[in-house]
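**Q** prediction below, plus the sequence it came from.
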Amino acid sequence: MKDDRFVLIGPGNVGLSIASLLVDRGYRCDQVIATSVEQEPRIHKWLPEEVQVTTLEDWTPVNTSIVLVATPDDILSEIAFRLADILDTFSRREGQVIHFSGIQTSDEFHPLRELGFNVASLHPLQTVPSVEIGRVSLLNCPWAFEGDGPELCQQIVADLDGRMVEIAFEAKVPYHLAAVFASNLMIALEDMAVDIAQEAGIEPEQFVDFFGPLISQTIVNFLRKRTAVVISGPIRLKDVSTIEKHIAWMDNADEKYRIVYTELSHYLSELLFAEDVISIESLDTLNQTFEETS
């Protein structure tokens with residue numbers, strides 16, 4: 001019989017998304033530990049009414065197998081020490097404590113590991129801006145595992161129709177940084193595009209309709225074949241006059257646009273050269289253009 005009873009600490013978007021999906025798949029949530037019992041109405045919107053809501057100060061552990069911790073990254077260590085104090089007298093120590101941080105390792109929970117608990121980080125590689133979205137996006141997504149007890153974590157991931165990849169302890173930072181580049185920083189670029197498009201008379205509410213097909217096709221092209229051959233535009237065409245016009249326009253715009261444009265254009269030109277799409281002469285010409293106008 002698989003372990004299927006858990007306690008959730010941290011009923012935010014990620015925590016409630018994961019907990020409610022697990023309940024849908026036959027797991028039992030015994031308790032939710034919140035910062036305040038005033039969060040109870042929101043918690044019971046997603047979890048059964050019989051789930052007890054309490055605070056860490058008032059928590060009396062039950063005989064559950066799994067403790068899921070979905071608190072902010074910067075308090076994981078504090079949570080670990082507080083849990084260790086609470087669970088030090090707990091008779092059952094063969095359970096597992098799992099946090100969902102993408103950057104913090106299982107070592108954040110070393111006080112619990114020293115008590116005999118398995119501890120792990122299990123990060124869903126997905127964006128969860130709300131519980132509504134999380135309950136959809138966390139199904140069929142990849143999860144990064146690091147720590148103890150891979151069998152239980154694999155079972156949780158499988159029950160959410162996902163796939164688990166083990167990440168080395170020392171690889172958590174570059175793994176998380178890659179996720180930031182792939183997601184949040186991409187949003188920053190698109191938001192810059194929204195601002196610049198306004199200068200062309202395209203209002204923000206028109207942006208998605210007008211630029212959406214370009215954005216969507218670019219992402220589709222990249223996902224199908226991650227290579228320089230999907231790059232189009234003036235850098236691939238070595239169109240120096242267009243690049244000079246871009247930079248000249250940015251002379252009178254916010255400096256951040258020029259910094260981002262120049263640095264990413266340098267990167268793209270190096271990528272095109274590395275994949276033999278442009279020659280060394282073209283690379284030198286492009287780099288000279290960026291340097292002369294920077």
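**A** Arrived safely.
**Q** isn't residue 29 right up against residue 51?
**A** Yes - contact between residue 29 and residue 51 holds when scored by C-beta atoms under 8 Å: they sit 5.0 Å apart. Every C-beta, even on glycine, is put in place using the N, C-alpha and C of the backbone.
**Q** list the contacts of residue 70.
**A** Going by C-beta atoms under 8 Å, 6 or more residues apart in numbering, residue 70 touches 8-12, 14-15, 18, 99-100.
**Q** ok, now with 10 Å
**A** Neighbouring residues of residue 70 by C-beta atoms under 10 Å, 6 or more residues apart in numbering: 8-19, 98-101, 128.
**Q** pLDDT at it, what is it?
**A** As summarised for this prediction, residue 70 has a pLDDT of 97.
**Q** any idea how far residue 134 is from it?
**A** Counting by C-beta to C-beta, to the nearest Å, the gap between residue 70 and residue 134 amounts to 11 Å.
**Q** likewise for residue 74?
**A** Using C-beta to C-beta, one obtains 21 Å as the distance from residue 74 to residue 134.
**Q** same deal with residue 290?
**A** Applying C-beta to C-beta, the value for residue 290 to residue 134 is 41 Å.
**Q** output the below-cut-off pLDDT ranges for the stretch 151-294 of the chain.
**A** Using pLDDT under 70 as the threshold, the predicted model of the stretch 151-294 of the chain has low-confidence ranges 293-294.
**Q** quick one, which of residue 290 and residue 134 is more surrounded?
**A** Between residue 290 and residue 134, residue 134 has the larger neighbour count (other C-beta atoms under 10 Å), namely 24 against 17.
**Q** go through the helix or strand where the more buried one lies and flag the buried ones.
**A** Element membership of residue 134 [criterion: DSSP states H and E] is helix 131-137. When neighbours are counted by 16 or more other C-beta atoms under 10 Å, the buried residues of helix 131-137 are found to be 131, 134-135, 137.
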